[in-house]
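Novice: Take a look and give me a structure for this.
(2 chains)
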There are 2 protein chains.
Amino acid sequence: MPGELFHPEIENVTLAQVLAALDDPMRLRIVKVLVHDPDTGERTCTSFRLPVGKSTLTHHFRILREAGLIRQVDRGNSRKAQLRREDIDRRFPGLLALVLAEGTAPETDPAD
Amino acid sequence: MPGELFHPEIENVTLAQVLAALDDPMRLRIVKVLVHDPDTGERTCTSFRLPVGKSTLTHHFRILREAGLIRQVDRGNSRKAQLRREDIDRRFPGLLALVLAEGTAPETDPAD
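Specialist: Modelled structure (predicted):
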């Protein structure tokens, strides 16, 4: 996995960008899983159990990352995703509470 | 303007629906204007000064109405839009604060 992944400064993220990132059932589901995760842990992309192929998955994680919602880090030969909880709470207070209020956590595999 | 306009019960609106409704620059602008309006007043569609034609305008207002964000009422021969502020605050607490926090009110014509 070559190169450094782009993570925006949260101050430079707009509400429109975040709304666009969340306006997709797969991506909303990913954020829902992460919001419900008490560990604020790192998860592999596959642990989300999304019924899509690898390139679609990569696409969705990229959109979330570029909207400042998740951080992706490479651990050996797996890439993991983590919610940027504190950043989001500072820049968009109340946003994660809205996601959290919307039903229970989707089923996933263990975080690892 | 024939027929009764459909307004959903706010309890039946999902977060995904609201995100989809707000994931558009015109519609976000409309909600931004209404959120900043201290009168919680009724506005004609044209007062929003959106650079689009009538049928596009009608489309955007319909999406917002069906997502529970606005109420549209016919007053004589003009149709007016109003934010469903209390309903939204009850169903999606914090949502309007996010929109309010995102910059100043767009320019508009007077509410009437």
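Novice: C-alpha from now on. contacts and neighbour counts both.
Specialist: Will do.
Novice: If we ignore the residues flanking it in sequence, what's nearest the most centrally placed residue in chain A?
Specialist: Nearest to the geometric centre of chain A sits A:I70, at 4.1 Å (Cα atoms, centre = their mean). Using Cα to Cα, 6 or more residues apart in numbering or on different chains and skipping residues adjacent in sequence, the residue nearest A:I70 is A:L83, 4.4 Å away.
Novice: What number of residues are in the vicinity of A:R91?
Specialist: Neighbourhood size, A:R91 [other Cα atoms under 10 Å in any protein chain shown]: 18.
Novice: correct me, but it touches A:E11?
Specialist: Yes. Contact criterion Cα atoms under 8 Å: A:R91 and A:E11 qualify, at 6.6 Å.
Novice: what is the mean pLDDT for the helix or strand hosting A:F61?
Specialist: Using DSSP states H and E, A:F61 sits within helix A:54-66. What helix A:54-66 shows for mean pLDDT is 95.
Novice: Likewise for stretch A:92-107?
Specialist: On average, stretch A:92-107 scores 88.
Novice: What separates the first and last residues of that stretch, distance-wise?
Specialist: Chord length of stretch A:92-107, first to last residue, is 26 Å (Cα to Cα, to the nearest Å).
Novice: Please enumerate residues in contact with it?
Specialist: Contact partners of stretch A:92-107, identified using Cα atoms under 8 Å, 6 or more residues apart in numbering or on different chains, comprise A:15, A:29, A:31-33, A:35-36, A:48-49, A:88-89, B:14-15, B:92-95, B:98.
Novice: what's the answer for stretch A:19-31, then?
Specialist: A:48, A:50, A:60-61, A:63-64, A:67, A:69, A:83, A:99, A:106, B:16, B:19-20, B:22-23.
Novice: quick one: which two of those are the most distant?
Specialist: Pairwise distances among the contacts of stretch A:19-31 were taken by Cα to Cα; the largest, 25.8 Å, belongs to A:F48 and B:L22.
Novice: ok, which residues in chain A are in contact with chain B?
Specialist: Chain A comes close to chain B at residues A:14-16, A:19-20, A:22-25, A:28, A:92-95, A:98-99, A:102, as judged by Cα under 8 Å from any Cα of the partner chain.
Novice: now the residues you listed: which count as buried?
Specialist: A:14-16, A:19-20, A:22-23, A:28, A:92-95, A:98-99 (16 or more other Cα atoms under 10 Å in any protein chain shown).
Novice: the helices in chain A, which residues?
Specialist: A:15-22, A:25-36, A:54-66, A:85-91, A:95-101 (DSSP state H).
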